[in-house]
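J.: next input, structure requested:
(chains A and B)
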Amino acid sequence: MRPTRRDIFKGAAAGLAGSRLAFSEARQLPHGRADACIYIWLGGGAGHIDTFDPKRRGDGKDIPGSYYDAIPTAARDIQLCEHLPRLADRMDRCALLRTVSHDLNSQHGAASNLMHTGRKPSGTIIYPSVGSLVSHELGAKSDDVPSYVVMGYPNIMRDPGFLGARCGYVYLTQIETGPSGLNPAPDVDSARQKRREMLLGRLRADYLARNDDDALVRAKAEVSEQGFRMAGKRFMDVFHLDRESTSLREAYGSEFGQRCLLARRLVQAGVRFVEVSFNLNFLNGTGWDVHQDGILKQHLLIQDLDQAVAALLDDLEEHKLFDRTMVVISTEFGRPAEFDAYGGRGHQAGAFSTLFAGGGVRGGVAVGTTDEIGKRIVDRQITVPDYFATIFAAMGIDSAKNLYANDRPVPITDHGQPMSGILA
Amino acid sequence: MLAFLVFATGSLGLLSATDQPVTVRIFEDLGEGAWLDPQGDPTTEYSESGFAFVRIPARFSGNALPLDRSVPFSLEASMEQTLERGEYRIRLRSKGLAVFLVDGKPVLRTKAQVPNTASHDALPEPSESDGVIRPAPPAHQDVLATVPLEAGEHRFRLVAVIGGKGLAPFPGELSVSMARPGEIDRVIGGSDAPLLTDTDWSEFATASRFRHHRDDIERRRQSDESVEAKWEERHRQVREWTLSQPGPEIPRVEDSEWIQNDVDRFVYEGLAEASLVPNALVGDLEFLRRLALDTTGLVPSATMVRSFLAQPAETRRTLAIEQFLESPDWADSWVPYWQDVLAENPGILKPDLNNTGPFRWYIHQAFADGYAFDRLVVELIEMEGSLYQGGPAGFGMASLNDAPMAAKADIVSQAFLANKLSCARCHDAPFHPFRQKDLFSMAAMLDGDAVVLPASSTVPVREGGREPYVEITLEAGASIDPHWAFDEFPDVGKLAPPPRNTSVDARHVLASKMVHPANHRFSRVVANRVWARFMGRGIVEPLDDWEDAEPSNPELLEFLAREFVLSGYDLKHLSGLIFRSHTYQRRPVRDDPASPGEAAKLFAGPVRRQMSAEQLVDSLHAVAGKGLDSEELNLNPLGNRSLRQFLNMGSPERAWEMTALSNERDRPSLALPRAQAIVDMLSAYGWRQSRQSPASSRDDSPSAMQALALANGSTGVRVTRLSDDSFFTRLALEERPLGEMVDEVFVRTLTRFPTPAERQAMLDLLGPHFADRVATGAADHRSGDAAKKTDGRVSWGNHFDPESNRIRMEEERKVRMGDPPTTRLTPEFRERFEDMVWALVNTPEFSMIP
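T.: Purely as a prediction, here's the structure:
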């Protein structure tokens, strides 16, 4: 039998991977011990200079610089913006990546896509999101829960791309309405659901009996059973935040905080990857995209983020989940030290900050240095592929592994290398 | 004519065509000074019943291609009217620059609309209503003047500038109305002109849109007649030449019980060689359901089922095939397929990678107007007509792509030649005889000029890095000339060239080569695609890449391709041939479609299929008798941004009209909650919300999310809810025995009658509550359905306003609640009836194609 294309590619790839393995053994590629990830998404472009990479103060007009004062943190030599006091106290458990860098400055959509897939779109295949990749590699921890949950709007950057619908996500846009498709309609109580399933069970059994040798029909019946298990009480209870103490719910704070609390409960239930989109745009009008007067109340966003993430880190520790759960704070780009005509800020993709914590991430470190106004990188550029390679390494996933889009081999990251100094 | 099947057609109240006193003329490409005083020849002239404009006629080229009008364009409307002496209050309502003249004297003016640039506007205040006059919609200006007029004839003239730089070219609710003291404003016009009240205006707007839609189609078909004749002449010549060429020999099959037509003979021979026998035929109703889904994308209505059964058993299948092939939904059934294959990918929020224009409308037009398939291919490749409003030029667009024509060359080549050139985008294709040059020379043909290989279209070889396992023969910056990289075709004698649309020579050459009668690859690839659509699997697989593939029945493929060419590239002819065969009408092969055995590859019967995402969504709504009720797919309803940045995709009636909702920004104010509910269901079943690249098959294998989307998702909830607008509510209120109702529901959902046990189970469920099912004193609430209201003020320009977020989040919550349940039935009965419907659409039988 002549070899298929995939065989040939696999051979080539295996040879490649082999040499890589030898290389990594020699160099001891870092790896973490996370088995789940909470990916906090600050959509709009959170300004590093006003959060994780504070610099000298600007004046909101002509003199470029931070909008707020800097404060010391639990980590020596690391400062944060004054509106992040709780995270400052926990910096010994967090790693800052201060020189993440790419060149998609103008388009939110394109940059957001890059910070979810690790690649610029090629037009010939659609790259999967980090959540779908993790879901593909690790699956859910249990059969009865989905592996990938999004709190935010469904869109292409979160999609499974060439990995296919099986690596897709369950999503919710509001905690109170619950995940789309999972919970029964609001007017269907459990007695009614039981009646429905009994009627359906009878129809389905007859149909299966007439078609029991049909592979597609059997597959359909099986996944539908699995779906109903997922929609069952055990998993749906995860969404009932009122099972938590009032004091804990208050510690998390705003609705974004409640999303973070839900993320912890989802991870606890066996979900591998939870994306939590920051959803408090109404606090300042623009969310993190602080053009014009959006900057006036930006501190409210920062304070909210501080409270929610600090609570999340503590809560994960409390539940002994911190060491196995990687928390990432990510965004599509940062913002420049200069101000626009109305006192707000434009976009800056050339240097910006993200944060890692938990899952074996070393605390109290800041990787990379920007210049005195956070504009240029003076030490250690972090490429987007390396950034993603480090997340995969933390989760024990080989970032050079080839996946297949039909016959075409596609490595999980675009030649990314896990960064040294971040994973313990 | 349709003897027994009744297809749904619009039955809206139409304005009579005779009473159209207002003459309207459209002027384009005017200099700014002439906008309000247009001179010269109008590009379109038509009439209206009054000074009220909700839709402007589409414009077509001489070859019936839709065109974009210039932005802006001027609309001039005029009429004479005889009035009594007195004071008249006149109201001009317009989004943009307009002037209204009485007897040549300007009496009212509105200002130009201000384009939005920074999206930080405040949400407009809600319009205040005086309880009588329909309030001016958001972004509209109302200006009033009271004018004394003498008795006698007066001349009214309106000039309005539609769209402009940074503005969308839509008239909104442009109108001029008039009232005597103490009267209600009435639109100036004929006797049936509407009052400016909510009720009158809504009725008028619906009827006017419908009339324009119908007139557009009629004008399109008129402009098509001469080009159609040219195609017919060419097809005659093609047929003549093809008949002079040897065709495949039709196998003789002794055992005639297996045979309905020649398709069966080829298939039987293939099976016999492998010592296999064909499957048995499916039952009549299973056949009808399969046929209806394949030709209309919908399950058959209960009326169709009854009419079908009323026909003699020997002829009912053949008759049904004839009639379904003439269904107006035929076009709807084909659009989604070509959207995938041709990577139709319009975006509604600023261009993203590989966004195209919405050429879905052109594809629909081509099928609705019965274009031969070679014509569709030529017109697509020539890329003329409207870019943003549905013409083939939209196919030529690939936003943010640095080698757009290379992307198109790859699409064309996969779609019509089954040559996958994707790999050649960046290097020589590793498993194909193609070199990167071949792709780029076709790209150059589409471009009409040499193209330069962009640096992004190559594989960087890093210093000391790995040796790439692909070969690279072109360097970035290389220039490649237009050139047909494949074999030349033999001379076929006298052959009229395809009617030409483009001024780009190389494009026309490429189009002509593609549909050349000796281009057997083209006819085979298309015939194979049609076969695969209806039989669940191609004679050659994969459909878009034949390099490594062998046909499972080469003679059958050759036969189908030849039939296709002889018929003048008529997909209906080819489809009919397949539908009439016993092969199509057999029980499905029960192999897993992912790992088919010989019986599947040789077509002992069709390969098992699930409904496609579009078939499922459309069928669910049809079963419930509900429309999709999506919001208008437009994030710029105020119109103060350009069409280039914010396409307006209209209000979908069929699932293929949905589009990616593009809320990468995660902002509730940019959500379209009702559209999202439909998109969720479509996505779970394999529909691609972004079609950056072409695909000939979908990943729609069964998943837990599919089951859940149907069982619990908002669309599932909506279609199973007995609201006042549900078919099931009307049925349940009828004076009929319960058993009949149960039968009706089964026929409507599953195209069959219930078994005695199934009927009994439903009688047990519903019987105890049947006698008292009608609630007393409740009214039909359809018209006041608050759940379906969308606040038209929320628009890109104000989407940062916190109030915009709040409004959309509230709408999301309402969507999740589903349509309000009817109060005309008791909750006990209604809920049980809903549960029955729910069970019937959730059983796998509903979403499997029989």
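J.: next, the buried residues of the helix or strand containing residue A:403.
T.: Under the criterion of DSSP states H and E, residue A:403 resides in strand A:402-405. Within strand A:402-405, the residues that qualify as buried are A:402, A:403, A:405, counting by 16 or more other CB atoms under 10 Å in any protein chain shown. No exception for glycine: its C-beta is placed from N, CA and C like everyone else's.
J.: try stretch B:313-320
T.: B:316, B:317, B:319, B:320.
J.: how far does it sit from its chain's centre?
T.: With CA atoms, centre = their mean, to the nearest Å as the basis, stretch B:313-320 stands 30 Å off its chain's centre.
J.: check stretch B:557-565 too.
T.: Counting by CA atoms, centre = their mean, stretch B:557-565 comes out at 28 Å from the chain centroid.
J.: dump the residue contacts of the residue nearest to residue A:213 when sequence neighbours are not counted.
T.: In this structure, residue A:213 finds its nearest non-sequential neighbour in residue B:590, 5.2 Å apart by CB to CB, 6 or more residues apart in numbering or on different chains. For residue B:590, the contacting residues are A:211, A:213, A:214, A:215, A:216, B:608, by CB atoms under 8 Å, 6 or more residues apart in numbering or on different chains.
J.: gap between residue B:590 and residue A:214?
T.: Look at residue B:590 and residue A:214: by CB to CB, to the nearest Å, they are 4 Å apart.
J.: same deal with residue B:92?
T.: 66 Å.
J.: rewinding a little: now list the buried members of the contacts of residue B:590.
T.: Applying 16+ other CB under 10 Å to the contacts of residue B:590 flags A:211, A:214, A:215, A:216, B:608 as buried.
J.: and the closest residue to the third one other than its chain neighbours, how many neighbours?
T.: In other words, residue A:215. Excluding the flanking residues, the one nearest residue A:215 by CB to CB, 6+ apart is residue B:592, at 3.6 Å. Neighbour count of residue B:592, defined by other CB atoms under 10 Å in any protein chain shown: 16.
J.: just the one 3 residues further on next, same as before
T.: Taking other CB under 10 Å as the neighbour definition, residue B:595 ends up with a count of 8.
J.: tell me the pLDDT at it?
T.: What the model reports as pLDDT for residue B:595 is 82.
J.: list phi and psi for it.
T.: Backbone torsions of residue B:595, given as degrees, to the nearest 10, read phi -140, psi 70.
J.: from residue B:271, how far out is it?
T.: 19 Å.
J.: quick check: domain ranges of the chain?
T.: As the question left the chain open, I've gone with chain A. A:33-181+A:249-403, A:184-230 (automatic domain parsing).
J.: let's do chain B instead
T.: According to automatic domain parsing, the domains of chain B span B:22-223, B:402-486, B:613-849.
J.: check the stretch 101-250 of chain B for the residue nearest chain A and tell me.
T.: Nearest to chain A in the stretch 101-250 of chain B, going by CB to the nearest CB, is residue B:120, at a distance of 5.5 Å.
J.: so where's chain B uncertain?
T.: In the predicted model, chain B carries pLDDT under 70 at residues B:1-19, B:422-434, B:458-472, B:781-788.
J.: doesn't residue B:176 lie inside a helix?
T.: No - Residue B:176: not assigned to a helix; according to DSSP: H, G, I helix; E, B strand; the rest coil it is strand.
J.: you'd agree it is up against residue B:99?
T.: No - using CB atoms under 8 Å, residue B:176 is not in contact with residue B:99, being 10.6 Å away.
J.: who has more neighbours out of the two?
T.: residue B:176 (28 against 19).
J.: which SS class is the residue lying closest to residue A:293 once chain neighbours are set aside?
T.: Excluding the flanking residues, the one nearest residue A:293 by CB to CB, 6+ apart is residue A:342, at 5.9 Å. Following three-state DSSP, residue A:342 is assigned to coil.
J.: OK, contacts around residue A:342?
T.: Applying CB under 8 Å, 6+ apart, we find residue A:342 in contact with A:291, A:292, A:293.
J.: dump those into JSON lines; add pLDDT, secondary structure and neighbour count as well.
T.: As requested, the contacts of residue A:342 are exported to JSON lines (pLDDT from 0 to 100; DSSP: H, G, I helix; E, B strand; the rest coil; neighbours: other CB atoms under 10 Å in any protein chain shown):
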{"residue": "A:291", "pLDDT": "91", "secondary structure": "coil", "neighbour count": "23"}
{"residue": "A:292", "pLDDT": "88", "secondary structure": "helix", "neighbour count": "20"}
{"residue": "A:293", "pLDDT": "88", "secondary structure": "helix", "neighbour count": "15"}
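J.: out of the residues you listed, who's nearest chain B?
T.: Taking CB to the nearest CB as the measure, chain B sits nearest to residue A:292 out of the contacts of residue A:342, at 5.5 Å.
J.: picking that back up, give the contact list for the residue of the stretch 101-250 of chain B closest to chain A.
T.: A:285, A:286, A:291, A:292, A:293, A:294, B:798, B:800.
J.: before we move on, back to that, please identify the deepest-packed of the domains of chain A.
T.: domain A:33-181+A:249-403 (a mean of 22; mean count of other CB atoms under 10 Å in any protein chain shown).
J.: count of residues packed around residue B:847?
T.: Quick note: residue B:847 (other CB under 10 Å) scores 21 neighbours.
J.: apart from its chain neighbours, what residue comes closest to it?
T.: Of all residues not flanking residue B:847 in the chain, residue B:611 sits nearest, at 4.9 Å (CB to CB, 6+ apart).
J.: my guess is the one you found meets residue B:292, correct?
T.: No - between residue B:611 and residue B:292 there is no contact under CB under 8 Å: 11.4 Å.
J.: who has more neighbours out of those two?
T.: Counting neighbours by other CB under 10 Å for residue B:611 and for residue B:292 shows that residue B:292 has the greater number, 26 against 20.
J.: can you give me the helices in the stretch 351-500 of chain B?
T.: Secondary structure of the stretch 351-500 of chain B (DSSP state H, counting those that start in this stretch): helices located at B:360-368, B:373-382, B:404-417, B:436-447.
J.: so what's the one residue in the stretch 151-300 of chain B that gets nearest to chain A up against?
T.: Nearest to chain A, among the residues of the stretch 151-300 of chain B, is residue B:286, at 11.1 Å (CB to the nearest CB). Going by CB under 8 Å, 6+ apart, residue B:286 touches B:751, B:752, B:850.
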